[in-house]
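Student: model this:
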Amino acid sequence: MDFKNELKNILLNMYDVRNRLSSAIIHTNNPEAINGLMEVLDIPKDSDGTIGDYIDDVINFLERYE
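Tutor: Below is the predicted model of the structure:
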């Protein structure tokens with residue numbers, strides 16, 4: 001498989017990950033959670049952002065090369 005096809009497959013996989021996680025909700029002890037529930041994409045990764053922010057960063061990076 002050539003680089004362009006691999007890049008496209010990775011990008012499509014990242015879209016799938018984001019779409020799957022966009023409806024996923026977990027129980028958490030995070031004080032920002034409402035009733036102990038939090039969407040997976042809103043879980044803080046660190047002090048700079050959420051898991052969703054980092055997934056979007058990867059997608060944006062890959063889209064620039066497509």
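Student: mind listing the strands for this structure?
Tutor: 25-27, 37-39, 44-46, 49-50 (DSSP state E).
Student: what is the second one packed up against?
Tutor: Spelled out, it's strand 37-39. Where contact means 3 or more C-beta pairs under 8 Å, 6 or more residues apart in numbering; DSSP states H and E, strand 37-39 is packed against strand 25-27. All C-beta spots, glycine's among them, are computed from the backbone N, C-alpha and C.
Student: the strand it packs on pairs with which strands?
Tutor: Partners of strand 25-27 in the sheet, by DSSP bridges, are strand 37-39 (antiparallel).
Student: buried set for the partner strand?
Tutor: Residues of strand 37-39 classed as buried: 38-39 (neighbour count, 16 or more other C-beta atoms under 10 Å).
Student: what do you get for stretch 56-66?
Tutor: Those would be 59, 62, for stretch 56-66 by 16+ other C-beta under 10 Å.
Student: alpha carbons of that stretch, as PDB, please.
Tutor: Provided in PDB are the C-alpha atoms of stretch 56-66 (Å, rounded to 0.1, in the frame of the first residue of the first chain):
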ATOM      1  CA  ASP A  56      -9.200  16.700  16.500                       C
ATOM      2  CA  ASP A  57      -5.600  17.800  16.400                       C
ATOM      3  CA  VAL A  58      -4.600  14.400  14.900                       C
ATOM      4  CA  ILE A  59      -7.400  14.600  12.400                       C
ATOM      5  CA  ASN A  60      -6.500  18.200  11.400                       C
ATOM      6  CA  PHE A  61      -2.900  17.200  11.000                       C
ATOM      7  CA  LEU A  62      -3.700  14.300   8.800                       C
ATOM      8  CA  GLU A  63      -6.200  16.300   6.700                       C
ATOM      9  CA  ARG A  64      -3.500  18.800   5.800                       C
ATOM     10  CA  TYR A  65      -1.500  15.900   4.100                       C
ATOM     11  CA  GLU A  66      -4.400  14.300   2.300                       C
END
